[in-house]
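Enquirer: 3D, please:
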Amino acid sequence: MSVAAVNIRIEKGTDFESTFTINSSDGSAFNLANYSATAKIRKHPNAGTAKTFSTTITSATGEIKITMSDTDTSELSSGRNYYDVIIQHSSTEKKTKVFEGMAIVSDTVSL
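Expert: Residues are numbered from 1 along each chain as shown. Okay, the predicted model is just below:
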């Protein structure tokens, strides 16, 4: 499974959500039964601190939804950040990075 690069945009101080779909090599939805997902964002890949997204998996459709509350997005550093999404099989504990990219965090004027 190759790592898909998907850039996202997050508005500080607002609720964020994005849904990603994993497909098998034949184009069908990858069955995510027995998998968990972790997603984090950092100012740069080697930064010591990270914020964690909440993740929700829909097994049959191969979908992973990442979300972050308005309180948490307000604490992100403005500008370019980096994120990734990793899945882990529950019995083998094998970890696989499935999505990565830049996250542009924009200031929100109206808050």
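Enquirer: please count neighbours and contacts with C-alpha atoms only from this point.
Expert: OK.
Enquirer: what helices or strands is the strand or helix carrying Asp72 leaning on?
Expert: Following DSSP states H and E, one finds Asp72 within helix 70-73. Packing partners of helix 70-73 (3 or more CA pairs under 8 Å, 6 or more residues apart in numbering; DSSP states H and E): none among the helices and strands.
Enquirer: what does that helix contact?
Expert: 10-16, 51 (CA atoms under 8 Å, 6 or more residues apart in numbering).
Enquirer: what residues sit buried inside it?
Expert: Using 16 or more other CA atoms under 10 Å as the test for burial, helix 70-73 gives 72-73.
Enquirer: how far off centre is that helix?
Expert: The chain centroid and the centroid of helix 70-73 are separated by 15 Å, computed with CA atoms, centre = their mean, to the nearest Å.
Enquirer: that one: what's the following helix or strand?
Expert: strand 79-89.
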